[in-house]
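Undergrad: next input, structure requested:
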Amino acid sequence: MLDAKWLFRVILPVGILIFPIISWSVESEYETPVYREVEYHAVLIGINAYPGSYLPYSVNEIQNFKQTLLKCGNWFQSNIKVLIDGNATKQGVQESIEWLAENADEDDVSLIYFVGHGGRDLNGEFIVTYDGEIHDAELAEYISGVQGVVVVVIDACNSGGFIDELKGKNRVVLTACRGNERTYQVKELKSGIFGFFLNMSLSWFTKRVETTYMLTKMLSIYYSRSLGNNSEYVIHPQIYDGTIGFTKIINHHPYMDKIFTPSFLYVSQAKRDRVLWRMEGGV
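TA: Numbers count the residues shown, from 1 in each chain. Presented below is the predicted three-dimensional model:
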């Protein structure tokens, strides 16, 4: 049984902090009327089965995010490509982004979401595919041919370092941590910390990239601080936004019937004995 004093002490302050973000998200629906039809396309990449460096929850995080998109009114199965484990090769990622370039026009929104190992070397930051590495400059080249708004989400160690290479007009980059930080997957969440709260924000509270980032960052920092005394567990999600106005990701979300479920309490239940997997690696 959850302690009533604990609920009041933790949930009320978090609720007070969240309310302005939710309100901003709702009000902004009326600030920028949409006069054109926007199509949404996504490439979702999750790797558990790295040779010699297993991560347990990358695929789960991607699959949960996909289900959130499909429930929200503006995403269709045919517009979402999912690359998992052995299919998430360097060539597979490149070809999937080429598919985005072939199908998205200047009015559309394209989303690239990677969950797996990341790292940095003398050539810059990189994400680790099933069979190799994609450096920040390479990923920037891949997405250069995609028209419209391109949103890149990276849940991996050192991911903040991608921003310098990926930034540009109509580009939005969300990362799990700073360029010099590591991030983690947590057994309790069955997800990366950043990815869990990103999905929760879109499922229940926010619709646009900007407000989703604000809430995700707040909850990720709060949760990661409670994982242990070592400050290396603390993550600081980052954003770059090269768009004008707001970028909508979803049309609607059924948060009213979920807001009081136990899942919402994860942000407040962190203890100091969590099982963690570091999302850092290379080949």
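
Undergrad: isn't Asn60 right up against Leu189?
TA: No - counting by Cβ atoms under 8 Å, Asn60 sits too far from Leu189 to count as a contact (9.4 Å). C-beta coordinates here come from the backbone N, C-alpha and C atoms, glycine included.

Undergrad: overlap of the contact sets of those two?
TA: Listed contacts common to Asn60 and Leu189 are nil; contacts here mean Cβ atoms under 8 Å, 6 or more residues apart in numbering.

Undergrad: poorly predicted segments of the protein, please.
TA: 1-36, 230, 253-283 (pLDDT under 70).

Undergrad: do that again at 80, thanks
TA: 1-36, 228-232, 253-283 (pLDDT under 80).

Undergrad: from the middle of its chain, how far away would stretch 53-73 be?
TA: Counting by Cα atoms, centre = their mean, to the nearest Å, stretch 53-73 is centred 10 Å from the centre of its parent chain.

Undergrad: check stretch 183-193 too.
TA: On the basis of Cα atoms, centre = their mean, stretch 183-193 sits 13 Å off its chain's mean C-alpha point.

Undergrad: mind listing what's buried in it?
TA: By neighbour count on 16 or more other Cβ atoms under 10 Å, the buried set for stretch 183-193 is Thr183, Tyr184, Gln185, Val186, Glu188, Leu189, Ser191, Gly192, Ile193.

Undergrad: what helix or strand does the fifth one sit in?
TA: Going back to what we said before, that points to Glu188. Element membership for Glu188, per DSSP states H and E: none, as it lies in no helix or strand.

Undergrad: phi, psi for it please.
TA: phi -60, psi -40 (degrees, to the nearest 10).

Undergrad: what segments of the stretch 151-283 of the chain are helices?
TA: 163-166, 193-204, 209-225 (DSSP state H, counting those that start in this stretch).

Undergrad: what is the second one packed up against?
TA: To tie it back to what came earlier, the one meant is helix 193-204. helix 58-70, strand 149-155, strand 184-186, helix 209-225 (3 or more Cβ pairs under 8 Å, 6 or more residues apart in numbering; DSSP states H and E).

Undergrad: deepest of the ones you listed, which one?
TA: Across the helices and strands packed on helix 193-204, the average number of neighbours (mean count of other Cβ atoms under 10 Å) peaks for strand 149-155, which reaches a mean of 26.

Undergrad: relative to that strand, what are the paired strands and their orientations?
TA: strand 109-115 (parallel), strand 171-175 (parallel) (DSSP bridges).

Undergrad: quick one: the shortest one to helix 209-225, angle?
TA: To tie it back to what came earlier, the one meant is strand 171-175. Here the directions of strand 171-175 and helix 209-225 differ by 10 degrees (axes from the mean of the first three to the mean of the last three Cα atoms, to 10 degrees).

Undergrad: and Glu125, that one's in a strand?
TA: Yes - under DSSP: H, G, I helix; E, B strand; the rest coil, Glu125 sits within a strand.

Undergrad: neighbours of it, how many?
TA: Neighbour count for Glu125, taken as other Cβ atoms under 10 Å: 28.

Undergrad: which residue is the nearest non-sequential neighbour of it?
TA: Of all residues not flanking Glu125 in the chain, Gly161 sits nearest, at 3.5 Å (Cβ to Cβ, 6 or more residues apart in numbering).

Undergrad: hey, where'd the strands end up in the protein?
TA: For the chain, the strands defined by DSSP state E cover 40-46, 80-84, 109-115, 118-121, 124-128, 133-135, 149-155, 171-175, 184-186, 191-192, 238-241, 276-278.

Undergrad: quick one, which of those is nearest to Gln94?
TA: Among these, strand 133-135 comes nearest to Gln94, with 8.0 Å by Cβ to Cβ.

Undergrad: which elements pack onto the closest one?
TA: Of the remaining helices and strands, those touching strand 133-135 by 3+ Cβ pairs under 8 Å, 6+ apart are helix 90-103, strand 124-128.
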